[in-house]
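> just coords:
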């Protein structure tokens, strides 16, 4: 019965359960944050922070005034931006005493934002995705008048450019007319950090007799041949973070505690976190090698020596009872070899440049909460999980740092990295009811 219960609970596992980060700021509502990597990096930079109660409120809508503050924090840095003030009211509904007056004034002077035809700015109003993208493009150097970000069809030009440079990456459900949430703003700002800045040739007006000729200003990427070129992207171009956040580093060749290819972000000497990249193929049931070949869109076999398989962060060659998960060639039509199982998160990563494939399997285990421990001056809050049918540790009790509290004896699902020898996630198990008509070992 325990095996069946474990299987049923594993089937309700969500992919967010295995998000991994180390050293990132903990919010009391971390479990509600979808774009964890973006929120962690942006909050570490002080661009978008949490509230005094320790929560982030990811789904609260962003106001126009708060958006101006984000842009100033990005361009000037939080310390300099906080000192901004307005000598005169920038808009008739934004007095100099308004919390966001300095930010709004700066952005207005830089041509990044504009108000309404009636002379108002409406700082407490919500901001659409289109409008926020326009602000981010302005901060990257795009000229509204040249690029057509004004007039009746301004949204078409904005979204075409924003999507073209990846400002919406990570949000497959982006709708420009909808109000931006706080975590969406963090995601778009995070993407902006990695976007290339642009500049224009000088625009000239030439008058010959009665004829006026306006030369067209051409846009080009800002070059970066300095030492900061290696901080985000060594492409010889100036990414936004390479200009404004020179203490920020990205190592895109790292791996997390489940051996998944990952981004490692650091600020100065402090690690913000390690975040698994998006897999090229994902499965939660047993999958045939032939299907992996097809789903990766391969047109030739990947040799066995170029394939790596990891189970809970450990090479399957070293993993007990996983000899049936050893690396094999990824070839067309192979329906005999299978990876994963029901309830196991199997992710496949294909490095097209190296021609290598990495397969990682993350098991979901079931346990019961035996204790919630509050934070102290020396240790963060944590929960103690008693293992049931699978015991990764000899004691049978595992600790996991979290601000979330669980009822004692509550059934939870957890993931466990054998390479790191620690629990990586804990989530309340979903209760399921029904009649068992057949049970099979998988």
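Received it, and whenever you're ready, just let me know what you need. Here the structure is a predicted model, which means the values were calculated and not measured.

> which of the three states applies to residue 264?
On the three-state scheme (DSSP: H, G, I helix; E, B strand; the rest coil), residue 264 is labelled strand.

> for it, grab the count of nearby residues.
18 (other CB atoms under 10 Å). For every residue, glycine as well, the C-beta is placed using N, CA and C.

> what does residue 289 give?
When neighbours are counted by other CB under 10 Å, residue 289 registers 22.

> so which residues of the stretch 101-250 of the chain form strands?
Along the stretch 101-250 of the chain, counting by DSSP state E, counting those that start in this stretch, strands occupy 198-200, 205-208, 211-214, 219-221, 248-255.

> swap in the stretch 251-400 of the chain?
Counting by DSSP E, counting those that start in this stretch, one finds strands in the stretch 251-400 of the chain at the ranges 261-267, 270-276, 281-283, 287-288, 307-311, 314-315, 338-339, 345-351, 356-362, 365-373, 382-387, 397-401.

> quick one: which of those strands is nearest residue 146?
Across the strands of the stretch 251-400 of the chain, residue 146 has its closest neighbour in strand 261-267 (33.5 Å, CB to CB).

> residues in contact with the closest one: which ones?
The contact list for strand 261-267 (CB atoms under 8 Å, 6 or more residues apart in numbering) reads 20, 37, 40-41, 44-45, 247-256, 271-277, 349, 351, 358.

> give me that answer again for 6 Å
Strand 261-267 has contacts (CB atoms under 6 Å, 6 or more residues apart in numbering) with 41, 44, 247-252, 254-256, 272-277, 349.

> which of the residues you listed count as buried?
Buried members of these, scored by 16 or more other CB atoms under 10 Å, are 41, 44, 248-250, 254-256, 272-277, 349.

> re earlier: nearest to residue 407, out of the strands of the stretch 251-400 of the chain?
Among those, strand 365-373 comes nearest to residue 407, with 6.9 Å by CB to CB.

> any stretches of the chain with poor pLDDT?
1-24, 203-207, 209, 212-216, 320, 389-395, 441-442 (pLDDT under 70).

> that one: helices as residue ranges?
2-11, 36-44, 64-76, 78-82, 101-109, 129-140, 144-147, 154-164, 182-193, 229-232, 240-244, 289-295 (DSSP state H).

> for residue 413, which of the ones you listed is the nearest?
Per CB to CB, nearest to residue 413 of the helices of the chain: helix 2-11, 5.6 Å.

> picking up where we left off before, adding distance to residue 300 as columns, could you present the strands of the stretch 101-250 of the chain in a markdown table?
Putting the strands of the stretch 101-250 of the chain into a markdown table (distance: least, CB to CB, whole Å) gives the following:
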| stretch | distance to residue 300 |
| --- | --- |
| strand 198-200 | 39 |
| strand 205-208 | 57 |
| strand 211-214 | 53 |
| strand 219-221 | 35 |
| strand 248-255 | 24 |
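
> related to what we said a few turns ago, which of the buried ones among the contacts of strand 261-267 sit farthest apart?
Maximum pairwise distance in these, criterion CB to CB, is 25.7 Å, between 44 and 349.

> just to revisit the earlier point, let me have the helices of the chain in CSV, adding distance to residue 439 as columns.
Converted to CSV, these look like this (distance: least, CB to CB, whole Å):
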stretch, distance to residue 439
helix 2-11, 5
helix 36-44, 36
helix 64-76, 53
helix 78-82, 57
helix 101-109, 61
helix 129-140, 48
helix 144-147, 62
helix 154-164, 48
helix 182-193, 41
helix 229-232, 51
helix 240-244, 53
helix 289-295, 26
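
> out of the ones you listed, nearest to residue 370?
helix 2-11 (17.1 Å).

> looking at the helices of the chain, which is closest to residue 174?
Distance to residue 174, taken as CB to CB, is lowest for helix 129-140 among these, at 6.3 Å.

> tell me the angle that closest one makes with helix 101-109.
80 degrees (axes from the mean of the first three to the mean of the last three CA atoms, to 10 degrees).

> contact partners of helix 129-140?
Contacts to helix 129-140, defined as CB under 6 Å, 6+ apart, come from residues 67, 71, 75, 112-113, 149, 155, 158, 162, 167, 176, 178, 180, 192, 195, 197.

> could you rerun that using 7 Å?
With CB atoms under 7 Å, 6 or more residues apart in numbering as the test, helix 129-140 has contacts from 67, 71, 74-75, 111-113, 144, 149, 155, 158-159, 161-162, 167, 174-178, 180, 185, 188-189, 192, 195, 197-198, 240.

> no more questions from me, cheers.
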